[in-house]
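Trainee: I would like the atomic coordinates for the input below:
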Amino acid sequence: MKTKTKYREEKKDLLPLHTIKAASSGDITALSEVLDHYEAYIIKLSTTKMYDRSGRVHYCVDESLRRRLEMKLIMKTLEFKI
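Mentor: As a prediction, this is how the structure comes out:
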């Protein structure tokens, strides 16, 4: 019974088809929605572990990597054919 609930929750997290169609045709607002949808995932992927002089661990976002991932997502969205 929990798998059905989990499936329903995951289904709510999907982007609507009309947003994907608009983003693939170049609509700026739709592309922004796609970026907002994947923002947390992109931040997670671009987070790196850094050490300070005393050896303590700090996590920070590599902004260069984050921007590259965002650009890659935009390019692949524009190339997407439905």
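
Trainee: C-alpha only now, for contacts and for neighbours.
Mentor: Fine.

Trainee: these two touch, right, Glu79 and Ala23?
Mentor: No - counting by C-alpha atoms under 8 Å, Glu79 does not reach Ala23; the two are 9.9 Å apart.

Trainee: Which one's more surrounded, the two?
Mentor: Remark: of Glu79 and Ala23, Ala23 carries more neighbours, 22 against 13, as counted by other C-alpha atoms under 10 Å.

Trainee: Please enumerate the strands of the chain.
Mentor: Secondary structure of the chain (DSSP state E): strands at 47-51, 57-61.

Trainee: Need the contact partners of the first one.
Mentor: Applying C-alpha atoms under 8 Å, 6 or more residues apart in numbering, the set of residues contacting strand 47-51 from outside is 57-62.

Trainee: Export those residues as CSV, with columns for pLDDT, distance to Glu33 and neighbour count.
Mentor: Formatted as CSV, the contacts of strand 47-51 follow (pLDDT from 0 to 100; distance: C-alpha to C-alpha, whole Å; neighbours: other C-alpha atoms under 10 Å):
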residue, pLDDT, distance to Glu33, neighbour count
Val57, 96, 33, 11
His58, 95, 30, 10
Tyr59, 96, 27, 10
Cys60, 96, 24, 13
Val61, 96, 21, 15
Asp62, 96, 22, 14
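
Trainee: how about those in TSV, adding distance to Met75?
Mentor: Shown next, in TSV, are these (distance: C-alpha to C-alpha, whole Å):
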residue	distance to Met75
Val57	34
His58	32
Tyr59	28
Cys60	25
Val61	22
Asp62	20
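
Trainee: Closest to Ala40 out of those residues?
Mentor: Closest to Ala40 out of those is Val61 (11.4 Å), distances taken as C-alpha to C-alpha.
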